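Asks: Okay, structure incoming, though there's no sequence with it:
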């Protein structure tokens, strides 16, 4: 869901929806364990994959967010556990953490990473 949100930002959602199967195939089903280890060769592969929207900043944000979620899983047992355990009365600080550490595709929308994680 996070990746879809990132790619839909600034694009006609119908374009992204129509290509979504290609996105899922190109990004190995958005498996965090796999995407976390993507390197330059994977970035080059994705930038030339005609099944997806080939926006380098958005592709990099998906990879960076997979690494962020992987780090949370390593440090807290799972990213879901980390978010579930966050105190309800401190959601503003969670918002700040995600804005700081979650990747987004550009600096014109600094809260995009937060919005994508929240929708996830």
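Replies: Sure, I can see it. Note that this is a predicted model, so its numbers are computed, not measured.
Asks: just the helices in the protein please.
Replies: 2-8, 13-26, 32-35, 40-47, 56-76, 79-85, 91-101, 112-119 (DSSP state H).
Asks: Adding mean neighbour count and mean pLDDT, write those helices out as TSV.
Replies: For glycine as for every other residue, the C-beta is placed from the backbone atoms N, C-alpha and C. Conversion of those to TSV gives the following (neighbours: other C-beta atoms under 10 Å; pLDDT from 0 to 100):
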stretch	mean neighbour count	mean pLDDT
helix 2-8	22	84
helix 13-26	14	95
helix 32-35	16	96
helix 40-47	13	98
helix 56-76	18	94
helix 79-85	14	94
helix 91-101	14	88
helix 112-119	20	52
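Asks: Look up how far residue 83 lies from the residue of the chain positioned farthest from its centre.
Replies: For the chain, the C-alpha farthest from the mean C-alpha position belongs to residue 89; by C-alpha atoms, centre = their mean, that distance is 25.5 Å. Plainly put, residue 89 is 15 Å away from residue 83 if you go by C-beta to C-beta, to the nearest Å.
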